[in-house]
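Colleague: whatever this is, show me its structure:
(one chain, ligands or ions: 1)
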Amino acid sequence: MAGIWVFAEDLEQTRELLGAGTELAGKLGTKLAAFAGDGELARQYIVFGADEVFLLPPLAQDQPLEAYVPVLFEAARQEDPDVFLFAATPRCKEIAARLSVKLNTGLCSGCTGIELGGGEQLLGMERMAYGGAAIQRVQCTMRPQMATVPPRTFEPSVAQEGRQGKITELKTSPHSEVKVIGRSPRQRGSVNLAEAKIIVCVGRGVGKPEDIQLARDLAEVLGGEVGCSRPVAEELNWLPEELYLGISGKKVKPELYIGLGVSGQIQHVTGIRDSKVIFAVNQDENAPIFEAADYGIVGDLYQVVPKLIEELKSALKG
Ligand SMILES: Cc1cc2nc3c(=O)[nH]c(=O)nc-3n(C[C@H](O)[C@H](O)[C@H](O)COP(=O)(O)OP(=O)(O)OC[C@H]3O[C@@H](n4cnc5c(N)ncnc54)[C@H](O)[C@@H]3O)c2cc1C
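Modeller: Residues are numbered from 1 along each chain as shown. A predicted model of the protein is given here:
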């Protein structure tokens with residue numbers, strides 16, 4: 001057995017993959033390896049569960065991250081890992097796809113569950129299909145078994161101070177036909193929905209852009225953030241695109257999700273169903289959001305929300 005390998009862009013993502021890999025490596029009786037750009041990070045990965053860390057050569061200013069494809073290819077060709085997991089970020093997905101072609105193996109993209117799936121140490125890998133309406137279970141009979149794993153799919157590994165591991169320098173030169181000719185930071189709002197504990201989500205049931213203030217007021221009382229359904233961002237352009245939740249938007253796991261005038265179509269629910277508590281206000285008692293909800297109020301949000309805010313304010317004061 002040549003190990004479980006994980007590749008991500010930062011410590012947080014790597015810890016999540018190490019979290020998934022630790023259990024697998026234990027069951028398969030193999031080592032767990034990660035990739036780091038410098039020695040300090042490499043030592044941290046060892047503390048967080050890696051048995052071995054491959055030290056990547058530095059990239060030139062004009063090289064994109066995908067220039068690591070030949071470096072990873074050479075390492076995989078020599079070491080023959082059993083499993084290779086990547087964080088499902090845009091840049092890592094690009095690397096994983098290119099590498100799987102070069103290694104002539106399969107790639108399970110957007111993998112949301114991994115377990116040992118029967119004989120010959122094959123993994124059973126799960127991913128969503130048909131816009132989240134079905135779960136697809138796939139096995140890859142080629143080696144390495146590769147997957148990209150969305151952020152927050154697995155619990156991050158925990159630090160074990162004093163853990164020892166090996167650091168191996170990789171010598172292959174990074175190379176890409178693509179050259180970076182400039183970098184400019186992406187304009188982002190200050191809201192990070194992925195980290196929010198409480199999200200108040202507005203749907204098309206909110207009739208006018210100025211009425212989003214109702215959701216903002218509710219979010220403020222609760223110390224939460226405002227998100228929205230896709231049409232509110234993409235069709236109506238009432239809120240920025242980075243705030244919409246769902247299969248093609250942000251996938252979130254807050255303690256509390258509150259949907260106001262959200263119908264709850266599968267493409268939306270797929271992004272919010274891991275919330276601890278789902279609460280919905282909708283005037284249509286047959287709205288699908290109520291099937292996903294733990295609590296709901298059938299009613300006009302324009303009447304319900306101000307009362308909710310009032311009640312919460314007096315409850316929180318007392
Ligand atoms: C490939 C694909 C990907 C998609 N990805 C996403 C995605 O990532 N995220 C996403 O959100 N959508 C996505 N969609 C769109 C999705 O299918 C739905 O169309 C969308 O989620 C509906 O948004 P909504 O609930 O805001 O609007 P509607 O479906 O129009 O629902 C509005 C709701 O508000 C209620 N309502 C109206 N007035 C009031 C009131 N006064 N008080 C209380 N309730 C009221 C209505 O009863 C209704 O249920 C995708 C679609 C496709 C085809």
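Colleague: show me where the stretch 101-250 of the chain has its strands.
Modeller: Applying DSSP state E, counting those that start in this stretch to the stretch 101-250 of the chain gives strands spanning 107-108, 111-116, 123-129, 134-138, 145-149, 166-169, 198-202, 225-228.
Colleague: for the second one, which strands pair with it and how are they oriented?
Modeller: Meaning strand 111-116. Next to strand 111-116 in the sheet, as set by DSSP bridges, lie strand 123-129 (antiparallel).
Colleague: for the residue nearest to Trp238 when sequence neighbours are not counted, report the pLDDT, please.
Modeller: Leaving out its chain neighbours, the residue that sits closest to Trp238 by CB to CB, 6 or more residues apart in numbering is Pro209, at 4.3 Å. The C-beta positions use only the backbone N, C-alpha and C, and glycine is treated the same way. What the model reports for Pro209 is a pLDDT of 96.
Colleague: relative to Arg91, how far out is Ala42?
Modeller: Distance, Ala42 to Arg91, by CB to CB, to the nearest Å: 20 Å.
Colleague: switch the strands of the stretch 101-250 of the chain over to a markdown table; also include mean pLDDT.
Modeller: Conversion of the strands of the stretch 101-250 of the chain to a markdown table gives the following (pLDDT from 0 to 100):
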| stretch | mean pLDDT |
| --- | --- |
| strand 107-108 | 96 |
| strand 111-116 | 89 |
| strand 123-129 | 89 |
| strand 134-138 | 91 |
| strand 145-149 | 96 |
| strand 166-169 | 97 |
| strand 198-202 | 98 |
| strand 225-228 | 97 |
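Colleague: could these be laid out in CSV, adding mean neighbour count and distance to the ligand?
Modeller: As requested, the strands of the stretch 101-250 of the chain are exported to CSV (neighbours: other CB atoms under 10 Å; distance: least, CB to the nearest ligand atom, whole Å):
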stretch, mean neighbour count, distance to the ligand
strand 107-108, 24, 20
strand 111-116, 18, 16
strand 123-129, 19, 12
strand 134-138, 13, 14
strand 145-149, 26, 18
strand 166-169, 13, 41
strand 198-202, 27, 8
strand 225-228, 27, 7
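Colleague: right, and those strands - which one's nearest Gln63?
Modeller: Gln63 lies closest to strand 166-169 among the strands of the stretch 101-250 of the chain, at 18.1 Å (CB to CB).
Colleague: touching the closest one from outside, list them.
Modeller: 39, 42-43, 46, 51-55, 57 (CB atoms under 8 Å, 6 or more residues apart in numbering).
Colleague: can you rerun that using 10 Å?
Modeller: Contact with strand 166-169 is made by 31, 33, 36, 39, 42-43, 45-46, 50-57, 75, 79, as judged by CB atoms under 10 Å, 6 or more residues apart in numbering.
Colleague: from the residues you listed, list just the buried residues.
Modeller: Buried members of these, scored by 16 or more other CB atoms under 10 Å, are 31, 33, 36, 42-43, 45-46, 50-56, 75.
Colleague: Ala20 is in contact with Met113, correct?
Modeller: Rather than Met, residue 113 is Gly. Yes: taking CB atoms under 10 Å as the definition, Gly113 is a contact partner of Ala20 at 9.4 Å.
Colleague: joint contacts of these two?
Modeller: By CB under 10 Å, 6+ apart, the residues touching both Gly113 and Ala20 are 149, 153-154.
Colleague: mind putting those into CSV with distance to Arg163?
Modeller: CSV is the format used below for the shared contacts of Gly113 and Ala20 (distance: CB to CB, whole Å):
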residue, distance to Arg163
Val149, 23
Thr153, 24
Phe154, 19
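Colleague: and which of these is nearest to Glu242?
Modeller: Glu242 has its nearest neighbour among the shared contacts of Gly113 and Ala20 in Thr153, at 20.2 Å by CB to CB.
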